[in-house]
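Enquirer: with the sequence up front, the predicted model follows.
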Amino acid sequence: MAELDDTNLLHRGGGEGLRFARRAARGFLEEGGVGAEEWQDRALALHRAFVAARLSPGGSADLLAVTLLLDSLSPA
């Protein structure tokens, strides 16, 4: 989400919504992501901000899902 031009975010929030989402994702990662203390609180705050702005990173979610699927099909 920090790098992807997610067309669902672009459709729902325009350029500013996409930029907001990318900045938010970058900030989350720069602060340690899920390895940081209290990451759940920060993730929940981001979720709430996305909901309030009617933003949904559907394109990012789809790419993550297909990546996990393809990884699961790879020989060990």
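Expert: Okay, I see it. On a predicted model such as this, the values are computed, not experimentally measured, just so you know.
Enquirer: when you work out contacts or count neighbours from here on, use the C-alpha atoms and nothing else.
Expert: OK.
Enquirer: ok now the longest helix anywhere in the chain, how far from the chain's centre?
Expert: The longest helix of the chain (DSSP state H) is helix 7-30. Distance of helix 7-30 from its chain centroid, counting by Cα atoms, centre = their mean, to the nearest Å, is 8 Å.
Enquirer: please apply the same query to stretch 34-47.
Expert: 12 Å.
Enquirer: with stretch 3-15 instead?
Expert: Relative to its chain's centre, stretch 3-15 lies at 11 Å (Cα atoms, centre = their mean).
Enquirer: so which elements touch the longest helix of the chain?
Expert: If you count contacts as 3 or more Cα pairs under 8 Å, 6 or more residues apart in numbering; DSSP states H and E, helix 7-30 packs onto helix 39-52, helix 58-73.
Enquirer: average pLDDT for that helix?
Expert: Helix 7-30 shows a mean pLDDT of 96.
Enquirer: quick one, it and helix 58-73 angle?
Expert: 70 degrees (axes from the mean of the first three to the mean of the last three Cα atoms, to 10 degrees).
Enquirer: picking that back up, make JSON lines out of the helices and strands packed on helix 7-30 and add distance to residue 21, mean neighbour count and mean pLDDT.
Expert: Output for these, formatted as JSON lines (distance: least, Cα to Cα, whole Å; neighbours: other Cα atoms under 10 Å; pLDDT from 0 to 100):
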{"stretch": "helix 39-52", "distance to residue 21": "8", "mean neighbour count": "14", "mean pLDDT": "97"}
{"stretch": "helix 58-73", "distance to residue 21": "11", "mean neighbour count": "12", "mean pLDDT": "94"}
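Enquirer: make JSON lines out of those and add distance to residue 4.
Expert: Below are the helices and strands packed on helix 7-30 laid out as JSON lines (distance: least, Cα to Cα, whole Å):
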{"stretch": "helix 39-52", "distance to residue 4": "16"}
{"stretch": "helix 58-73", "distance to residue 4": "7"}
